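In: coords please:
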Amino acid sequence: MLKIHFSGEDILRTRVAPAADPVWELVLSLHVLRGRTRDPLTAHWRRSVARDLRQDASSEQLRLLFALSPPRGYFPDFLTPYASVDGFEAGLDALRRTPTASLHRDLSVLAAENQLPSSAAALARGEVAVLHHLAESMEQYRSLAISPYWGRIQAAVAADRARRARALLDGGVEGLLTSLRPAMRWENGVLEVRNYPHSRELHLDGRGLLLVPSFFCAATPVALLDPALPPVLVYRVDRLGGLVSAEVNGASASGAARDSLAALLGRTRAAVLQASDEGCTTGEVARQLNISPAAASQHATVLRNAGLLVSHRERNSVLHTLTPLGRAMLDA
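Out: Modelled structure (predicted):
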(Lines give C-alpha, C1' and ligand atoms only; values in the text may rest on other atoms or scores of the structure.)
Protein backbone atom coordinates (compact mmCIF):
# COMPACT_ATOMS: atom_id res chain seq x y z
CA MET A 1 0.00 0.00 0.00
CA LEU A 2 1.13 3.55 -0.75
CA LYS A 3 0.34 6.07 1.98
CA ILE A 4 0.55 9.75 1.04
CA HIS A 5 0.69 12.08 4.04
CA PHE A 6 -0.84 15.55 3.78
CA SER A 7 -0.36 18.60 5.95
CA GLY A 8 -2.80 21.53 5.91
CA GLU A 9 -0.49 23.27 3.46
CA ASP A 10 -0.46 20.19 1.20
CA ILE A 11 -4.25 20.20 1.05
CA LEU A 12 -4.21 23.83 -0.10
CA ARG A 13 -1.68 23.01 -2.84
CA THR A 14 -3.34 19.89 -4.22
CA ARG A 15 -4.85 20.17 -7.70
CA VAL A 16 -5.97 18.17 -10.71
CA ALA A 17 -4.00 18.42 -13.96
CA PRO A 18 -5.70 20.81 -16.42
CA ALA A 19 -6.09 18.22 -19.19
CA ALA A 20 -4.93 14.82 -20.36
CA ASP A 21 -1.14 14.65 -20.00
CA PRO A 22 0.28 13.60 -23.40
CA VAL A 23 3.57 12.25 -22.03
CA TRP A 24 1.98 10.18 -19.27
CA GLU A 25 -0.57 8.82 -21.75
CA LEU A 26 2.22 7.88 -24.16
CA VAL A 27 4.30 6.03 -21.58
CA LEU A 28 1.37 4.27 -19.93
CA SER A 29 -0.03 3.25 -23.31
CA LEU A 30 3.18 1.29 -23.90
CA HIS A 31 2.33 -0.82 -20.86
CA VAL A 32 -1.19 -1.46 -22.15
CA LEU A 33 0.09 -2.31 -25.63
CA ARG A 34 2.54 -4.93 -24.39
CA GLY A 35 0.73 -6.16 -21.29
CA ARG A 36 -1.54 -9.14 -20.84
CA THR A 37 -4.73 -7.18 -20.29
CA ARG A 38 -7.83 -8.29 -22.15
CA ASP A 39 -9.66 -5.02 -21.63
CA PRO A 40 -12.25 -4.84 -24.46
CA LEU A 41 -12.20 -1.03 -24.32
CA THR A 42 -8.61 -0.95 -25.58
CA ALA A 43 -8.68 -4.10 -27.73
CA HIS A 44 -9.29 -2.25 -31.02
CA TRP A 45 -6.53 0.21 -30.19
CA ARG A 46 -4.05 -2.56 -29.37
CA ARG A 47 -4.74 -4.41 -32.61
CA SER A 48 -4.50 -1.27 -34.73
CA VAL A 49 -1.30 0.00 -33.14
CA ALA A 50 0.38 -3.41 -33.22
CA ARG A 51 -0.47 -3.73 -36.91
CA ASP A 52 0.82 -0.23 -37.70
CA LEU A 53 4.05 -0.92 -35.83
CA ARG A 54 4.63 -4.07 -37.86
CA GLN A 55 4.10 -2.12 -41.07
CA ASP A 56 6.20 0.89 -40.02
CA ALA A 57 9.68 0.50 -41.49
CA SER A 58 11.16 2.82 -38.86
CA SER A 59 9.64 1.04 -35.84
CA GLU A 60 13.03 -0.48 -34.99
CA GLN A 61 13.99 3.03 -33.85
CA LEU A 62 11.52 2.58 -30.98
CA ARG A 63 13.57 -0.23 -29.43
CA LEU A 64 15.06 1.90 -26.65
CA LEU A 65 11.70 3.50 -25.80
CA PHE A 66 10.08 0.06 -25.48
CA ALA A 67 12.96 -1.22 -23.36
CA LEU A 68 12.54 1.71 -20.96
CA SER A 69 8.81 0.95 -20.59
CA PRO A 70 8.39 -2.71 -19.62
CA PRO A 71 4.79 -3.94 -19.44
CA ARG A 72 5.05 -4.47 -15.69
CA GLY A 73 7.02 -2.98 -12.84
CA TYR A 74 9.22 0.08 -12.61
CA PHE A 75 9.84 2.53 -15.43
CA PRO A 76 12.17 5.56 -15.18
CA ASP A 77 10.87 8.73 -13.54
CA PHE A 78 12.64 10.89 -16.12
CA LEU A 79 10.33 9.60 -18.89
CA THR A 80 7.42 11.57 -17.41
CA PRO A 81 8.79 14.99 -16.34
CA TYR A 82 6.56 17.30 -14.33
CA ALA A 83 6.77 19.89 -17.13
CA SER A 84 4.50 17.72 -19.30
CA VAL A 85 1.56 19.26 -17.44
CA ASP A 86 2.12 22.16 -19.86
CA GLY A 87 1.96 19.95 -22.95
CA PHE A 88 3.88 17.45 -25.04
CA GLU A 89 6.59 19.80 -26.30
CA ALA A 90 7.24 21.13 -22.80
CA GLY A 91 7.56 17.56 -21.56
CA LEU A 92 10.03 16.59 -24.30
CA ASP A 93 12.09 19.73 -23.71
CA ALA A 94 12.38 18.77 -20.05
CA LEU A 95 13.29 15.19 -20.97
CA ARG A 96 16.10 16.41 -23.25
CA ARG A 97 17.50 18.40 -20.31
CA THR A 98 17.45 15.50 -17.84
CA PRO A 99 20.59 15.65 -15.65
CA THR A 100 23.04 12.78 -16.11
CA ALA A 101 22.77 11.88 -12.43
CA SER A 102 19.02 11.31 -12.81
CA LEU A 103 19.51 9.23 -15.95
CA HIS A 104 22.11 7.04 -14.26
CA ARG A 105 20.04 6.57 -11.10
CA ASP A 106 16.79 5.69 -12.88
CA LEU A 107 18.42 3.35 -15.40
CA SER A 108 20.34 1.56 -12.65
CA VAL A 109 17.02 0.77 -10.94
CA LEU A 110 15.51 -0.40 -14.23
CA ALA A 111 18.54 -2.54 -15.18
CA ALA A 112 18.35 -4.42 -11.88
CA GLU A 113 15.26 -6.30 -13.14
CA ASN A 114 15.36 -5.86 -16.92
CA GLN A 115 17.76 -6.55 -19.75
CA LEU A 116 18.47 -3.28 -21.56
CA PRO A 117 19.98 -2.60 -25.01
CA SER A 118 23.47 -1.11 -25.33
CA SER A 119 21.96 2.31 -26.09
CA ALA A 120 20.66 2.42 -22.52
CA ALA A 121 24.25 2.44 -21.23
CA ALA A 122 25.02 5.44 -23.45
CA LEU A 123 21.86 7.11 -22.18
CA ALA A 124 22.93 6.50 -18.58
CA ARG A 125 26.18 8.31 -19.36
CA GLY A 126 24.16 11.31 -20.48
CA GLU A 127 25.08 11.16 -24.14
CA VAL A 128 23.08 13.97 -25.73
CA ALA A 129 22.58 12.21 -29.07
CA VAL A 130 20.91 9.21 -27.41
CA LEU A 131 18.69 11.44 -25.28
CA HIS A 132 17.56 13.33 -28.38
CA HIS A 133 16.98 10.02 -30.19
CA LEU A 134 14.73 8.95 -27.33
CA ALA A 135 12.71 12.16 -27.65
CA GLU A 136 12.37 11.61 -31.41
CA SER A 137 11.19 8.05 -30.77
CA MET A 138 8.50 9.36 -28.45
CA GLU A 139 7.34 11.77 -31.15
CA GLN A 140 7.26 8.92 -33.68
CA TYR A 141 5.29 6.62 -31.40
CA ARG A 142 2.88 9.41 -30.45
CA SER A 143 1.97 10.12 -34.07
CA LEU A 144 1.12 6.47 -34.61
CA ALA A 145 -0.44 5.37 -31.31
CA ILE A 146 -1.75 8.46 -29.52
CA SER A 147 -2.57 11.34 -31.88
CA PRO A 148 -5.27 9.51 -33.91
CA TYR A 149 -7.11 8.73 -30.66
CA TRP A 150 -6.42 11.95 -28.77
CA GLY A 151 -10.00 13.26 -28.97
CA ARG A 152 -11.33 10.22 -27.11
CA ILE A 153 -8.57 10.42 -24.51
CA GLN A 154 -9.21 14.12 -23.91
CA ALA A 155 -12.96 13.61 -23.64
CA ALA A 156 -12.60 10.84 -21.04
CA VAL A 157 -10.24 12.99 -18.97
CA ALA A 158 -12.49 16.05 -19.31
CA ALA A 159 -15.44 14.03 -18.02
CA ASP A 160 -13.40 12.93 -15.02
CA ARG A 161 -12.28 16.52 -14.35
CA ALA A 162 -15.91 17.62 -14.32
CA ARG A 163 -16.62 14.94 -11.75
CA ARG A 164 -13.67 16.00 -9.57
CA ALA A 165 -14.61 19.67 -9.91
CA ARG A 166 -18.05 18.90 -8.56
CA ALA A 167 -16.55 16.98 -5.64
CA LEU A 168 -14.25 19.95 -4.93
CA LEU A 169 -17.13 22.45 -5.01
CA ASP A 170 -19.26 20.32 -2.72
CA GLY A 171 -16.61 19.20 -0.23
CA GLY A 172 -13.38 21.15 -0.74
CA VAL A 173 -10.10 19.35 -1.32
CA GLU A 174 -11.06 16.68 1.19
CA GLY A 175 -14.20 16.04 -0.86
CA LEU A 176 -12.02 15.79 -3.96
CA LEU A 177 -9.72 13.25 -2.32
CA THR A 178 -12.66 11.26 -0.96
CA SER A 179 -14.11 11.04 -4.49
CA LEU A 180 -11.11 8.97 -5.62
CA ARG A 181 -12.49 5.81 -4.04
CA PRO A 182 -12.49 2.82 -4.41
CA ALA A 183 -8.90 2.69 -5.72
CA MET A 184 -7.90 5.12 -2.96
CA ARG A 185 -9.12 5.96 0.51
CA TRP A 186 -8.84 9.35 2.21
CA GLU A 187 -8.80 9.32 6.01
CA ASN A 188 -7.24 11.49 8.71
CA GLY A 189 -4.87 13.37 6.44
CA VAL A 190 -3.60 10.26 4.62
CA LEU A 191 -4.47 9.14 1.09
CA GLU A 192 -4.08 5.36 0.88
CA VAL A 193 -3.56 3.75 -2.53
CA ARG A 194 -4.74 0.19 -2.30
CA ASN A 195 -3.12 -2.71 -4.14
CA TYR A 196 0.06 -0.69 -4.65
CA PRO A 197 2.87 -3.11 -5.59
CA HIS A 198 5.18 -1.93 -2.79
CA SER A 199 4.66 -0.77 0.77
CA ARG A 200 5.66 2.87 0.79
CA GLU A 201 5.16 6.17 2.66
CA LEU A 202 5.23 9.50 0.80
CA HIS A 203 5.34 12.74 2.79
CA LEU A 204 4.38 15.75 0.69
CA ASP A 205 6.12 18.22 3.03
CA GLY A 206 4.11 21.24 1.93
CA ARG A 207 4.52 20.66 -1.82
CA GLY A 208 0.95 19.52 -2.45
CA LEU A 209 -0.04 16.80 -4.90
CA LEU A 210 -0.76 16.93 -8.63
CA LEU A 211 -3.50 14.46 -9.49
CA VAL A 212 -3.26 13.34 -13.12
CA PRO A 213 -6.36 11.65 -14.58
CA SER A 214 -5.29 9.18 -17.26
CA PHE A 215 -6.97 7.01 -19.88
CA PHE A 216 -4.17 4.44 -20.09
CA CYS A 217 -3.36 4.15 -16.39
CA ALA A 218 -3.87 0.68 -14.95
CA ALA A 219 -6.35 0.02 -12.16
CA THR A 220 -3.67 0.85 -9.58
CA PRO A 221 -2.61 4.52 -9.50
CA VAL A 222 1.01 5.41 -10.28
CA ALA A 223 3.43 7.62 -8.35
CA LEU A 224 7.04 8.56 -9.09
CA LEU A 225 9.68 6.59 -7.20
CA ASP A 226 11.95 9.51 -6.33
CA PRO A 227 10.42 11.32 -3.30
CA ALA A 228 12.46 14.45 -4.11
CA LEU A 229 10.57 15.04 -7.37
CA PRO A 230 7.35 17.12 -7.40
CA PRO A 231 4.66 14.73 -6.10
CA VAL A 232 2.40 13.32 -8.81
CA LEU A 233 -0.29 10.65 -8.60
CA VAL A 234 -1.74 9.29 -11.84
CA TYR A 235 -5.08 7.49 -11.70
CA ARG A 236 -7.35 5.84 -14.27
CA VAL A 237 -10.52 7.50 -15.53
CA ASP A 238 -13.63 5.80 -16.88
CA ARG A 239 -12.88 5.00 -20.51
CA LEU A 240 -16.31 6.00 -21.85
CA GLY A 241 -16.99 3.17 -24.23
CA GLY A 242 -13.60 2.39 -25.66
CA LEU A 243 -10.91 3.86 -27.86
CA VAL A 244 -11.26 4.33 -31.60
CA SER A 245 -9.60 6.72 -34.01
CA ALA A 246 -11.34 9.88 -35.16
CA GLU A 247 -12.09 8.26 -38.51
CA VAL A 248 -13.67 5.14 -37.01
CA ASN A 249 -15.53 7.18 -34.40
CA GLY A 250 -16.99 9.40 -37.09
CA ALA A 251 -18.24 6.39 -39.00
CA SER A 252 -19.79 5.01 -35.83
CA ALA A 253 -21.56 8.28 -35.11
CA SER A 254 -23.08 8.44 -38.57
CA GLY A 255 -23.76 4.71 -38.94
CA ALA A 256 -24.31 2.32 -36.05
CA ALA A 257 -25.48 5.04 -33.66
CA ARG A 258 -28.06 6.47 -36.07
CA ASP A 259 -30.97 4.40 -34.78
CA SER A 260 -30.17 5.27 -31.16
CA LEU A 261 -29.89 8.95 -31.94
CA ALA A 262 -33.33 8.98 -33.54
CA ALA A 263 -34.79 8.59 -30.04
CA LEU A 264 -33.15 11.87 -29.02
CA LEU A 265 -35.17 14.15 -31.29
CA GLY A 266 -36.88 16.79 -29.24
CA ARG A 267 -36.02 20.06 -27.52
CA THR A 268 -36.08 18.75 -23.96
CA ARG A 269 -33.45 16.08 -24.49
CA ALA A 270 -31.31 18.51 -26.46
CA ALA A 271 -31.55 20.87 -23.48
CA VAL A 272 -30.54 18.05 -21.10
CA LEU A 273 -27.52 17.39 -23.30
CA GLN A 274 -26.61 21.09 -23.23
CA ALA A 275 -27.01 21.25 -19.44
CA SER A 276 -24.57 18.35 -19.06
CA ASP A 277 -21.79 20.14 -20.96
CA GLU A 278 -19.86 21.01 -17.80
CA GLY A 279 -21.36 18.30 -15.61
CA CYS A 280 -24.78 18.52 -14.01
CA THR A 281 -26.76 16.48 -11.47
CA THR A 282 -30.26 15.20 -12.12
CA GLY A 283 -31.70 17.73 -9.69
CA GLU A 284 -29.85 20.60 -11.35
CA VAL A 285 -31.11 19.52 -14.77
CA ALA A 286 -34.66 19.48 -13.40
CA ARG A 287 -34.33 22.98 -11.94
CA GLN A 288 -32.68 24.45 -15.03
CA LEU A 289 -35.30 23.08 -17.41
CA ASN A 290 -38.27 23.43 -15.07
CA ILE A 291 -39.16 19.75 -15.30
CA SER A 292 -39.64 17.12 -12.61
CA PRO A 293 -36.65 15.16 -11.29
CA ALA A 294 -38.30 11.97 -12.60
CA ALA A 295 -38.53 13.45 -16.10
CA ALA A 296 -34.94 14.66 -15.92
CA SER A 297 -33.80 11.19 -14.88
CA GLN A 298 -35.78 9.57 -17.70
CA HIS A 299 -34.29 11.87 -20.35
CA ALA A 300 -30.78 11.33 -18.96
CA THR A 301 -31.32 7.56 -19.12
CA VAL A 302 -32.24 7.74 -22.82
CA LEU A 303 -29.18 9.90 -23.52
CA ARG A 304 -26.96 7.55 -21.56
CA ASN A 305 -28.31 4.47 -23.37
CA ALA A 306 -27.58 6.19 -26.68
CA GLY A 307 -23.97 6.73 -25.61
CA LEU A 308 -24.21 10.50 -25.20
CA LEU A 309 -23.91 10.78 -21.43
CA VAL A 310 -22.03 8.99 -18.68
CA SER A 311 -23.40 9.08 -15.14
CA HIS A 312 -21.66 8.74 -11.79
CA ARG A 313 -23.35 8.44 -8.42
CA GLU A 314 -21.87 10.71 -5.76
CA ARG A 315 -23.53 10.11 -2.40
CA ASN A 316 -27.20 11.07 -2.89
CA SER A 317 -26.92 12.58 -6.37
CA VAL A 318 -26.03 11.46 -9.90
CA LEU A 319 -23.65 13.57 -11.97
CA HIS A 320 -24.03 13.50 -15.76
CA THR A 321 -21.22 14.42 -18.17
CA LEU A 322 -20.85 14.17 -21.93
CA THR A 323 -19.21 11.29 -23.77
CA PRO A 324 -17.13 12.06 -26.90
CA LEU A 325 -20.19 11.31 -29.05
CA GLY A 326 -22.36 13.58 -26.92
CA ARG A 327 -19.88 16.42 -27.23
CA ALA A 328 -19.66 15.88 -30.99
CA MET A 329 -23.44 16.14 -31.25
CA LEU A 330 -23.50 19.27 -29.11
CA ASP A 331 -20.80 20.91 -31.21
CA ALA A 332 -22.33 19.93 -34.55
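In: contacting residues around the residue nearest the centre of the chain?
Out: By Cα atoms, centre = their mean, the mean C-alpha position of the chain lies nearest to residue 214, the distance being 0.9 Å. Residue 214 makes contact with 20, 21, 24, 25, 28, 157, 234, 235, 236, 237 under the criterion Cβ atoms under 8 Å, 6 or more residues apart in numbering. To be clear about C-beta, it is placed using only N, CA and C from the backbone, and glycine gets the same treatment.
In: give me that answer again for 7 Å
Out: 21, 24, 25, 28, 234, 235, 236, 237 (Cβ atoms under 7 Å, 6 or more residues apart in numbering).
In: where's the closest residue to the last one other than its chain neighbours relative to residue 312, distance?
Out: Right, residue 237. Distance criterion Cβ to Cβ, 6 or more residues apart in numbering; nearest residue to residue 237, sequence neighbours excluded, is residue 160 at 3.9 Å. Going from residue 160 to residue 312 by Cβ to Cβ, to the nearest Å gives 9 Å.
In: Looking at these two, which has the bigger crowd around it?
Out: A side-by-side neighbour count of residue 160 and residue 312, using other Cβ atoms under 10 Å, places residue 160 first with 25 against 19.
In: Helix, strand, or coil at that one?
Out: What DSSP: H, G, I helix; E, B strand; the rest coil gives for residue 160 is helix.
In: Output the below-cut-off pLDDT ranges for the chain.
Out: 57, 240-265, 331-332 (pLDDT under 70).
In: Show me it divided up by domain.
Out: 2-18+151-236, 22-149, 246-331 (automatic domain parsing).
In: end-to-end on the first one?
Out: With Cα to Cα, to the nearest Å as the measure, the first residue of domain 2-18+151-236 is 16 Å from its last.
In: So residue 310, which state does it fall into?
Out: Residue 310 ends up strand, using three-state DSSP.
In: quick one: the helices in the stretch 51-200 of the chain?
Out: 63-67, 88-96, 100-111, 118-124, 128-145, 150-178 (DSSP state H, counting those that start in this stretch).
In: If you count neighbours, what's buried in the fourth one?
Out: Neighbour counts using 16 or more other Cβ atoms under 10 Å place 119, 120, 123, 124 of helix 118-124 among the buried residues.
In: gap between the first one and residue 109?
Out: Remark: distance between residue 119 and residue 109 (Cβ to Cβ) = 17 Å.
In: Confirm for me that the residue nearest to residue 237 is in contact with residue 235.
Out: No: assessed by Cβ atoms under 7 Å, residue 160 is found out of contact with residue 235, at 8.7 Å.
In: joint contacts of the two?
Out: Counting by Cβ under 7 Å, 6+ apart, the residues touching both residue 160 and residue 235 are residue 213.
In: returning to what we had before: most packed of the helices of the stretch 51-200 of the chain?
Out: Highest mean neighbour count of the helices of the stretch 51-200 of the chain: helix 150-178, a mean of 20 (counted as mean count of other Cβ atoms under 10 Å).
In: burial measure for the residue lying closest to residue 202 once chain neighbours are set aside, as a count.
Out: For residue 202, ignoring the flanking residues on the chain, the nearest one in space by Cβ to Cβ, 6+ apart is residue 4 at 4.7 Å. The burial count assigned to residue 4 is 24, neighbours taken as other Cβ under 10 Å.
In: beta partners for residue 4?
Out: residue 191, residue 202 (DSSP bridges).
In: Break down this structure into its strands, ranges please.
Out: Assigned by DSSP state E, the chain shows strands spanning 2-5, 15-16, 184-187, 190-193, 200-203, 210-214, 222-223, 232-236, 280-281, 309-314, 317-322.
In: In JSON lines, list these along with distance to residue 76.
Out: Formatted as JSON lines, the strands of the chain follow (distance: least, Cβ to Cβ, whole Å):
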{"stretch": "strand 2-5", "distance to residue 76": "18"}
{"stretch": "strand 15-16", "distance to residue 76": "25"}
{"stretch": "strand 184-187", "distance to residue 76": "24"}
{"stretch": "strand 190-193", "distance to residue 76": "20"}
{"stretch": "strand 200-203", "distance to residue 76": "17"}
{"stretch": "strand 210-214", "distance to residue 76": "17"}
{"stretch": "strand 222-223", "distance to residue 76": "13"}
{"stretch": "strand 232-236", "distance to residue 76": "14"}
{"stretch": "strand 280-281", "distance to residue 76": "41"}
{"stretch": "strand 309-314", "distance to residue 76": "34"}
{"stretch": "strand 317-322", "distance to residue 76": "34"}
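In: Which of those sits closest to residue 103?
Out: When the strands of the chain are compared by Cβ to Cβ, strand 232-236 sits nearest residue 103, at 18.9 Å.
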